[in-house]
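Q: got a structure for you, letters missing:
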Ligand SMILES: [Zn+2]
């Protein structure tokens, strides 16, 4: 999945420092990111040595390389759509760009105090924004569930209505206030597909900064009627697909959804991954 960048190690301790020449500076504009395509086709981002902007926001590190958020354009780079990030190699750059985007989005939407309206300031030692009125704000992470509903040798797969992603999906949705993740699983499966589930079991989680989410993956068994009633506002289709009819997942290798469909196809859904 996107966060699996071993042997490199992601370090999210908030330890701001000055940029070095080999560090990377991400600059976003709307849903675009500053980048350039190298001769070998790889996507490259501005290096510390190429960036003139003095004041940069420290984000996190991967091994000895730090990542920063900049706001100014850099010579020889241009803004490209964010989706270019999803296919960039090596994968740790894809993960770093996604997580930087999550933080950029949070900083960008929390410039003023929600309590008194004054401008927020960066906390010196915490990844937090603070106001002189005492309001302290931490990054917003939205928990959501992804559910593989299993009916014997079949799994419930869906296709979204009106979204850019046209591939196979699983039932998914945000946790609502006051709900456990398991409540969300039961509610979303009923809302999207009109069926009940039992024996809900946790599989794995995934940070998904493209949408400021933390995704929690569960498998669950169908409980009762297998007749599907889809939520047409949300889904284009939903169907039971047997294990041997599923195509191997190759394109969607970064996502928890792709991993869960592939895990089911291989008959390994009872093996929890860390
Ligand atoms: Zn305030």
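A: Right, received. Where do you want to start? Since we're looking at a predicted model, the values are computed, not measured. Numbering: from 1, shown residues only.
Q: Quick check: closest non-adjacent residue to residue 100.
A: The shortest distance from residue 100 to any non-neighbouring residue, by CB to CB, 6 or more residues apart in numbering, is to residue 26 (4.3 Å). C-beta here means a position set from N, CA and C on the backbone, and glycine is covered the same way.
Q: How about residue 208?
A: residue 215 (5.2 Å).
Q: which residues sit against the helix or strand encompassing that neighbour?
A: Assessed by DSSP states H and E, residue 215 sits inside strand 213-222. Residues outside strand 213-222 that contact it (CB atoms under 8 Å, 6 or more residues apart in numbering) are 141-151, 156, 172, 174, 181-182, 185, 189, 195-208, 256, 259-260, 264, 269.
Q: For ChimeraX, what selects the buried ones among those?
A: Here is the ChimeraX command that selects only those of these that count as buried (16 or more other CB atoms under 10 Å):
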select :144,145,146,147,148,149,150,151,156,172,182,185,189,195,197,200,203,204,205,206,207,208,256,259,260,264,269
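Q: The residue nearest to residue 208 and residue 114: what is the separation?
A: 26 Å (CB to CB, to the nearest Å).
Q: now swap in residue 270 and tell me
A: Distance from residue 270 to residue 114, by CB to CB: 44 Å.
Q: ok, now residue 92?
A: Taking CB to CB, one finds residue 92 at 34 Å from residue 114.
Q: Ok, residue 238 next?
A: Following CB to CB, the distance that separates residue 238 from residue 114 is 38 Å.
Q: more neighbours, these two?
A: The neighbour count for residue 238 versus residue 114, taken as other CB atoms under 10 Å, is higher for residue 238 (22 against 10).
Q: so where does the more buried one fall, helix or strand?
A: Counting by DSSP H and E, residue 238 is part of strand 235-242.
Q: Residue 262 touches residue 254, doesn't it?
A: No: between residue 262 and residue 254 there is no contact under CB atoms under 8 Å: 12.0 Å.
Q: out of the two, which sits in the more crowded spot?
A: Using other CB under 10 Å, the more surrounded residue of residue 262 and residue 254 is residue 254, with 20 against 17.
Q: give me every residue that touches the residue lying closest to the more buried one once chain neighbours are set aside.
A: Distances taken as CB to CB, 6+ apart place residue 2 nearest to residue 254, at 4.2 Å, with adjacent residues excluded. By CB under 8 Å, 6+ apart, the contact set of residue 2 is 91, 94-95, 98, 206-208, 254-255.
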